[in-house]
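K.L.:
based on what follows, work out the 3D shape:
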Amino acid sequence: MSQTQFKYSTGVVAYPILFVLTIWISFWFQVRIYSGFKSFGIRPLDFEGLRGVIFSPFIHGNIEHLYNNTIPLFVLSMALFYFYRPISWKVIFYGILLSGFLTWLIGRPANHIGASGLIYVLVSFMFFKGIFAKHYRLIALSLIIIFFYGSMIWYVFPIKEGMSWEGHLAGLITGLFFALIFRKQIAKPERYVWEQPSYNEEDDPFMRHFDEDGNFIEHQEVEDNDELVDNKVQKPIIKVRYIFKKKSED
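P.N.:
Below you'll find the predicted structure:
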């Protein structure tokens, strides 16, 4: 993954807006047109409940539930598209599928809905990814995420009735898993020429100005007929023979 990923593009904002807008339109569809859409959530260990793996992130219980998920989802997805553009869609798409399937495996018999599972995928992925990358920008992102969303860790435990802590836990595990399998696609800090393994000091035009002890060598322009002796230009000795004739006296 190259350094060019850290550049702004329209998609950094456009894709998160489109994703959030789709969730809001789905909620409008659920409230105004088909209220039964709410039942399309994840129902663990129920074959029909597997459809919720795809639909559950777009289903919310009420406007408060939708609002609480919209803001962190928008912010985190923007960070994802800016810092991890080459793999951003993979993280979102496979994150929805894998976290949803884990919820289906470990969840209580209930209708699990909401985009909070995906939010936990993004938080977990970007936090652990920054730590593994050892890149100063990504580490800074990890610290910002833990500062704003660190308290979310408590909701992977059953501390609040009616909340799908199983979905949160599945998202946390999925994000950590993605941070591990995408380790080869980690941005590397920019390395100078002399930090490259193929660097040869003798070929460096700058280092040629110094001797082995680090002393500066004053170079002169060397012409085709000049010789370089002990790092000094040795001009060729040109001998010219003059013949004088005395003028005869009258």
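
K.L.:
max-length helix in this protein?
P.N.:
helix 10-32 (DSSP state H).

K.L.:
what does that helix contact?
P.N.:
Here helix 10-32 makes contact (Cβ atoms under 8 Å, 6 or more residues apart in numbering) with 37-38, 57-60, 63, 66, 69-70, 73-74, 77-78, 81-82, 85, 88, 92, 115. To be clear about C-beta, it is placed using only N, CA and C from the backbone, and glycine gets the same treatment.

K.L.:
select only the buried ones of the residues you listed in PyMOL?
P.N.:
To isolate the buried ones among those in PyMOL, judged by 16 or more other Cβ atoms under 10 Å, type:
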select buried, resi 37+38+57+58+59+60+66+69+70+73+77+78+81+82+85+88+92+115
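
K.L.:
from the contacts of helix 10-32, which land in helices?
P.N.:
Per DSSP H, the contacts of helix 10-32 map to helices at 63, 66, 69, 70, 73, 74, 77, 78, 81, 82, 88, 92.

K.L.:
residue 84 is in contact with the last one, correct?
P.N.:
No: Residue 92 sits out of contact with residue 84 when judged by Cβ atoms under 8 Å, with a separation of 10.4 Å.

K.L.:
find me the pLDDT at residue 148, would you?
P.N.:
The model reports residue 148 with a pLDDT of 87.

K.L.:
also residue 138?
P.N.:
Residue 138 is assigned a predicted lDDT (pLDDT) of 83.

K.L.:
burial of it, as a residue count?
P.N.:
Using other Cβ atoms under 10 Å, residue 138 has 22 other residues around it.

K.L.:
please, which helix or strand holds it?
P.N.:
Using DSSP states H and E, residue 138 maps to helix 136-149.
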